[in-house]
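Asker: Build me a structure from this.
(2 chains)
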Amino acid sequence: MNTEISPLEYARSLQALGAHERQRLPDWMQTLRAQGQKALTQAQIPDRKLESWRYAGAQRLFRSYFEPAAPLTAADEHAATAAAEWYTAGEGVLRIALVDGHLHLSPETLARLPEGASVRPLTALTEGASPLPGELVPPGRDLFAAMSAAGIGLGFLLELADDVQLSNPVEVVYLWRGGEGPRLLQPRCLLVLGRNASATLLEQHLGLEGAACFSNVVSEIWLGEGAHLTHLQYQGQNAASQHLCVEALRLATGSRYEGTRFALGGAWARNEIEIDFAGEGAAVDLAGLFTVGKGQLNDIQTRVRHAVPGCHSEVRFKSILHGAGRGVMDGQIAVARDAQRSEAHLQSANLMLARDAEIDARPTLEILADDVQCSHGASVGQLDPLQLYYLRSRGIDTVTATRLLAMGFAREILQRNPYPILTGRIEQRLADALVAAAAQEVNADG
Amino acid sequence: MNLLQIQDLHVAVEGKPILEGIDLSLCSGEVHAIMGPNGSGKSTLAQVLAGREGYAVTRGTVRFMGKDLLAMSIEERAHAGLFLAMQYPVELPGVNNVEFLRTALNAHRAARGEPPLDAVSFLRRLRGLLEQLKLDERLLKRDVNSGFSGGEKKRNEILQMALLQPRLAILDETDSGLDIDALRIVADGVNAMRSPERGMLLITHYQRLLEYVRPDRVHVLAGGRIVRSGGPELALELEEKGYGWLLEGAA
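Answerer: Alright, predicted model coming up:
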């Protein structure tokens, strides 16, 4: 089907999907689904009239129809094996796989969890648990949140009790192997760290070559007092896929979040990261690298809200545009009237390697308090011809020289990732893209 | 063997003539010095030989080991054995020096049809060169020329030259801005590279470097032309009398 479908049609298909499962769903999940379905009937496809969609609307997503993947059937035996080859953090890690819409928690991982740590499917959450999915990203937020709520099922909860510190990283692989036609995948993740708990999360969103999917991911992250989360995310979807990832974080007093995003894939990709400071003295250090190739949209949206005094946020994104596509970095910082002694910085640096690429970088500040340290800035640049000349004069061809310089530009972000396998994957992907872009350039000129 | 044969070379930059008829011939094993006042076209000659864009050759020919140098791309010139130690080495933030050096060496090897050198063998070779050139190993951990002092940048150029083993090395004011210790290191590096297989073109404003590296020939460039050529004694004469007497003669 190539015509645009209405959100209502989505709602209907999601409802049909949910019907036969309803009996075994926990009450809260049934409630959330109902709320999502209701919200769907009112939601619109976000278009460019909306402020946060002004550079790239979502209409393009609805040009093809994505059959919802059944989220709650049992994982097949190959799922874990398929995910295994993508793990990057080595042995000893806690592994969670979400393959083709199936959650796989290996017995080894479950056995390795220390006391006070738990990983469970969302369906195992019982009524009355707190927090529940949907509190940070409510169904009424927008069309995609409504879809996610209406189809909720697939996903996991990672919960650390007070003072639990995970020494090994938790590695999550979201993988789509492909199937009959394009699929809608709507995994959700709920991360709850108790007081002074700490963890490292390494997350990858992947699709095998040629397997089209629309992943509508929602992550809700709660950091308790003094908790510390290090969070790396790699989005390496294939060129046939659409990817939306909405992450909402709430930070209690004195907690720290250190986040790194590598967003390289997808035909249409968008990351929305919302950060809310709920207690004083909390800190966020978020940095990312995203790339844009031919025909690709990569859209980064960050919202940092300083509602309480004395918090510190650093947001720094870099992009490499290597093909005729479009990049968006729309970052906002809001400092409320009472949020004195806030420190907030926002930077967007963009490297244009392609003549016909487009980047919209819009860092904005809204400051209502008066005792703050805030800054924001954006830059767009090209390769320095002198640097290219220097490398070529050492016998290095233009494509390799471009790769070295682009990696140099991205180095400070790449260095935030300590896992060499993942670095290799990112560098290889970028190198392949640059070689392909150079070949296209030659064809276009010739 | 004749390495470099420049005939009647005219070069313009942004439409303005800079070189107006250079003739120069350099054979394997020889070290030539090109001296001259500021603005005489010395650096233009170096850049045009390396192939930098924006330098228009309006007349003349340059043959390098018998081939038409001007028809070759920048990297082809490097692969053929031409190396320019730059007056202002370029900073490459984020590009690790070892990765840069290895990529450069392997590009040369690939052009010769040789397999790339693996990381271990490469580092062994690099360490040997550092020792030989009395260079600090810490240079390797840093980004290429990034935040280097003037002396460190010039030493890094010498390291590249030693690694790539060019047939013709052009050193563009490599001696400028160096203290006496750095100058010794650079000069020792140049002397160690002297070989019957290799030619060198030292571009310098001062005679100072030539106290350490004795050239076979000295050329004086002024107003876009070579106005005088001679043996090493010409450099001493210039040190004594300055360039004025030659410029009057040329006019």
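Asker: rest of the way, CA atoms for contacts and neighbours
Answerer: Will do.
Asker: Let me know the helix or strand that A:Ile300 is in.
Answerer: strand A:297-306 (DSSP states H and E).
Asker: Could you spell out the sheet neighbours of that strand, each with its direction?
Answerer: Here strand A:297-306 has these sheet partners by DSSP bridges: strand A:268-277 (parallel), strand A:326-335 (parallel).
Asker: And A:Gln204, how far from chain B?
Answerer: Separation of A:Gln204 from chain B (Cα to the nearest Cα, to the nearest Å): 25 Å.
Asker: just to revisit the earlier point, and the next helix or strand after the strand holding A:Ile300 with chain B, contact?
Answerer: Going down the chain from strand A:297-306, the next helix or strand is strand A:312-321, by DSSP H and E. No - Strand A:312-321 is not in contact with chain B by Cα under 8 Å from any Cα of the partner chain; minimum separation 13.5 Å.
Asker: What helices and strands are in contact with strand A:312-321?
Answerer: Judged by 3 or more Cα pairs under 8 Å, 6 or more residues apart in numbering or on different chains; DSSP states H and E, the packing partners of strand A:312-321 are strand A:283-292, strand A:326-335, strand A:342-352, helix A:398-414.
Asker: hmm, who's touching the second one?
Answerer: What it means is strand A:326-335. Contact partners of strand A:326-335, identified using Cα atoms under 8 Å, 6 or more residues apart in numbering or on different chains, comprise A:52, A:55, A:291-293, A:295-307, A:317, A:319, A:321, A:342, A:344, A:346, A:348, A:357-369.
Asker: CA atoms only: put that strand into PDB for me.
Answerer: Output in PDB follows, covering the C-alpha atoms of strand A:326-335 (Å, rounded to 0.1, in the frame of the first residue of the first chain):
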ATOM      1  CA  ARG A 326      19.300  16.300   5.700                       C
ATOM      2  CA  GLY A 327      20.500  16.700   9.300                       C
ATOM      3  CA  VAL A 328      18.700  18.400  12.100                       C
ATOM      4  CA  MET A 329      20.100  19.300  15.500                       C
ATOM      5  CA  ASP A 330      17.400  21.100  17.400                       C
ATOM      6  CA  GLY A 331      18.500  21.500  21.000                       C
ATOM      7  CA  GLN A 332      16.700  23.400  23.700                       C
ATOM      8  CA  ILE A 333      17.600  24.400  27.200                       C
ATOM      9  CA  ALA A 334      15.000  25.800  29.500                       C
ATOM     10  CA  VAL A 335      15.900  27.200  32.900                       C
END
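Asker: okay, now the residue of the stretch 1-150 of chain A found nearest chain B: neighbour count?
Answerer: Per Cα to the nearest Cα, A:Thr88 is where the stretch 1-150 of chain A lies closest to chain B, at 22.3 Å. By other Cα atoms under 10 Å in any protein chain shown, the residues close to A:Thr88 number 19.
Asker: That one should be in a helix, yeah?
Answerer: No - counting by DSSP: H, G, I helix; E, B strand; the rest coil, A:Thr88 is not found in a helix; it is coil.
Asker: Please report the distance of it from A:Val172.
Answerer: Noted for A:Thr88: a distance of 10 Å to A:Val172, by Cα to Cα, to the nearest Å.
Asker: swap in A:Tyr390?
Answerer: To A:Val172, A:Tyr390 is 42 Å away according to Cα to Cα.
Asker: what do you get for B:Leu168?
Answerer: 55 Å.
Asker: Compare these two and say which one has the larger neighbour count.
Answerer: Set B:Leu168 next to A:Val172 and count neighbours by other Cα under 10 Å: B:Leu168 wins out with 28 against 21.
Asker: and the residue of the stretch 201-350 of chain A at minimum distance from chain B, bridged to which residues?
Answerer: Using Cα to the nearest Cα, the closest approach of the stretch 201-350 of chain A to chain B is made by A:Lys318 at 13.5 Å. Beta-bridge partners for A:Lys318, by DSSP bridges, are A:Leu289, A:Ala349.
Asker: any idea of the pLDDT on residue 169?
Answerer: You didn't pick a chain, so chain A it is. In this prediction, A:Pro169 carries a pLDDT score of 94.
Asker: oops, chain B please
Answerer: Note for B:Ala169: predicted pLDDT of 97.
Asker: would you say it is within a helix?
Answerer: No - secondary structure of B:Ala169 (three-state DSSP): strand, not part of a helix.
Asker: I'd say it and B:Leu82 touch.
Answerer: Yes - with contact defined as Cα atoms under 8 Å, B:Ala169 reaches B:Leu82; the gap is 6.1 Å.
Asker: which residues are contacting stretch B:141-155?
Answerer: Stretch B:141-155 has contacts (Cα under 8 Å, 6+ apart) with B:85, B:89-98, B:100, B:135, B:139, B:156, B:174, B:177-179, B:182, B:185-186.
Asker: Once you drop chain neighbours, what's closest to A:Val164?
Answerer: The spatial neighbour of A:Val164 that comes closest, neighbours along the chain excluded (Cα to Cα, 6 or more residues apart in numbering or on different chains), is A:Ala197 at 4.7 Å.
Asker: Now for the residue most central in space within chain B: which residues touch it?
Answerer: Geometric centre of chain B, nearest residue: B:Ile170, 2.0 Å, by Cα atoms, centre = their mean. The contact partners of B:Ile170, taken as Cα under 8 Å, 6+ apart, are B:46, B:82-85, B:200-203.
Asker: returning to that earlier point: give me the subset of the contacts of stretch B:141-155 touching chain A.
Answerer: Of the residues in the contacts of stretch B:141-155, proximity to chain A by Cα under 8 Å from any Cα holds for B:89-95, B:100.
Asker: Widest-spaced pair of these?
Answerer: Using Cα to Cα, the two most remote members of those are B:Pro89 and B:Gly94, lying 15.5 Å apart.
Asker: In space, what's closest to the residue in chain B that chain A sits nearest to - neighbours in sequence excluded?
Answerer: Closest contact between chain B and chain A, by Cα to the nearest Cα, is at B:Gly94 (3.7 Å). Sequence neighbours aside, A:Gly408 is the residue nearest to B:Gly94 in space, at 3.7 Å (criterion: Cα to Cα, 6+ apart).
Asker: from what I can see that neighbour touches B:Glu99, true?
Answerer: No - between A:Gly408 and B:Glu99 there is no contact under Cα under 8 Å: 10.9 Å.
Asker: from the contacts of strand A:326-335, which would you call buried?
Answerer: Among the contacts of strand A:326-335, those classed as buried by 16 or more other Cα atoms under 10 Å in any protein chain shown are A:55, A:291-293, A:296-307, A:317, A:319, A:321, A:342, A:344, A:346, A:348, A:357-365, A:367, A:369.
Asker: No more questions from me, cheers.
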